[in-house]
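# Model the structure of this input:
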Amino acid sequence: MKKIVIIGGGWAGCAAAISASKAGAQVTLLERTDMLLGTGLVGGIMRNNGRYTAAEEMIALGGGDLFELCDQTARHTNIEFPGHKHVTLYDIVRTPYAISKLLTRLGINVVYEARITDVHMDSKTILSVKDQKGRVYEGDVFVDSTGTAGPMNNCSKYGNGCAMCVLRCPSYGGRVSVTGLCRIEEMVGTKADGSVGAMSGSCKIYKESLSEEIQRELNEKGVAIIPIPEELVEDHLGIKACQQYAISEFRDNLILLDTGHAKLMTPFFNLDKLRKIPGFESARYEDPYSAGKGNSMRFFAMAPRDNALKVIGVENLFCAGEKSGLLVGHTEAIVTGTLAGNNSVRYAMGKETLELPVELAVGDAIAYVKDEMNTSEGMGKKFTFSGSVYFEHMKEQGLYELDIPSIRRKVENLGLTDIFNKPLI
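As a prediction, the model looks like this:
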């Protein structure tokens, strides 16, 4: 049986593990911390705007396990907030547990506190990786889903210091890129003003620290929008990784989403100012703990790759999630993770790797972002199915589709129905 080793247990790594396992491989998933899902532990947003289309395409392709699971653990469905429609908010407590159970059921070996610090290579082929405890993991093919956020020195140099976020670098060590360990030069994203990196786009408030009125609105509607007094407005739109939320409504209002936390859609907001707003007098941040000052910095280490998500320069390494480029979001991570996991098995078996066709939004996004990243202008942008540059492109190309039977017919006509459910071994 072919051995696939996936490094990084966020959304992309979990998707890659599921995909490789369903393809028939023996899968080991290595996670730096003691919990799966990474930023998904404090995320919560699915199916907004073009992400609805992407999710349904992946379900038709046979790679919808995680989307269907999030539907099952949703706190709210089909809600709206500024610029975003037909949104699902998954529960940030129930969802990670459900994913862990799914991985166990599939026989995936998950190893926690496995921060990879070294690779053993023969020329351009990885033979094994080693973690900080000296444990060695051999494999036929590897998937780098280590992300691009942090570590602490980047958050200090390019942000406002370590904000003590859910990535927990002080406790478990900062992110280490497997691609970087292979001495492959990685790409670094920039903000609109040309400065390096981008800041995570939201912070989370302990919901019970808010007024009963705001709590009730969140519990019943899933969203609460509170105008900010003009003298307290903070403008963080230009620094956000999530440019789909970089519109004036997110500057002029406190937009809260109910994911279990009260998800505040701004990178940070001064706590003293926040507590001057009615209903927020006792507000307390849950993640990051220093959300009055800053948030985690991202997009420092993206791998050069082809549209099958194979890393250029290493024979048996694939990439997924933010590691695969300037794609922002959980849906985007699941899409790339599913493709990378499946292709890792194809490559191990000596089969031709799969590129998703541009007739589908999921294939078009992977190809479009790769092309955009070949330009200096493109490196200053962020791309997502849910808004900003790519969503506009998606609509222009006629790829934004909400009719599920129509999406399934398109996938069927391309001969790709259930392609990710078919064993390769």
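# what about the residue lying closest to residue 158 once chain neighbours are set aside, distance to residue 425?
Distances taken as Cβ to Cβ, 6 or more residues apart in numbering place residue 197 nearest to residue 158, at 4.5 Å, with adjacent residues excluded. (Each C-beta comes from the backbone N, C-alpha and C, glycine too.) Using Cβ to Cβ, to the nearest Å, residue 197 is found at 40 Å from residue 425.
# Which one of the two is surrounded by more residues?
A direct count of neighbours by other Cβ atoms under 10 Å for residue 197 and residue 425 places residue 197 higher, at 22 against 12.
# Which residue, neighbours along the chain excluded, lies closest to residue 24?
Per Cβ to Cβ, 6+ apart, closest to residue 24 is residue 425, 3.1 Å.
# ok, the one you found - contacts?
1-2, 23-25, 345, 349 (Cβ atoms under 8 Å, 6 or more residues apart in numbering).
# One more: residue 64?
55-56, 58.
# Tell me who's in contact with residue 322.
12, 147-149, 298-299, 302, 328, 333.
# Distance check, it against residue 113.
Relative to residue 113, residue 322 is positioned 22 Å away (Cβ to Cβ).
# Could you tell me whether residue 224 really is in a helix?
No: per DSSP: H, G, I helix; E, B strand; the rest coil, residue 224 lies outside any helix segment and is strand.
# Do I have it right that it meets residue 214?
Yes: with contact defined as Cβ atoms under 8 Å, residue 224 counts as touching residue 214 (5.4 Å).
# joint contacts of these two?
With Cβ under 8 Å, 6+ apart, residue 224 and residue 214 have common neighbours 256, 262.
# picking up where we left off before, now that we have the contacts of residue 64, which one has the most neighbours?
Going by other Cβ under 10 Å, residue 58 tops the contacts of residue 64 with 28 neighbours.
# Tell me how far the closest residue in space to that one that isn't next to it in sequence lies from residue 383.
Spatially, and ignoring its direct neighbours in sequence, residue 58 is nearest to residue 64 (4.9 Å; Cβ to Cβ, 6+ apart). To residue 383, residue 64 is 22 Å away according to Cβ to Cβ.
# Quick check on residue 253: phi, psi?
phi -130, psi 150 (degrees, to the nearest 10).
# Neighbours of it, how many?
Residue 253 has 18 nearby residues by other Cβ under 10 Å.
# give me every residue that touches it.
82, 225-228.
# Just the buried ones from these?
Applying 16 or more other Cβ atoms under 10 Å to the contacts of residue 253, the neighbour count classes residue 228 as buried.
# and of the contacts of residue 253, the nearest to residue 163?
residue 228 (20.9 Å; Cβ to Cβ).
# List the residues that contact that closest one.
Per Cβ under 8 Å, 6+ apart, neighbours of residue 228: 252-254, 277.
# Let's see if you can find the most crowded of those residues.
Highest neighbour count within these, by other Cβ under 10 Å: residue 254, with 23 neighbours.
# what are the ranges of the helices in the stretch 101-250 of the chain?
Here the stretch 101-250 of the chain has its helices, by DSSP state H, counting those that start in this stretch, at 152-158, 169-172, 178-181, 212-221, 248-252.
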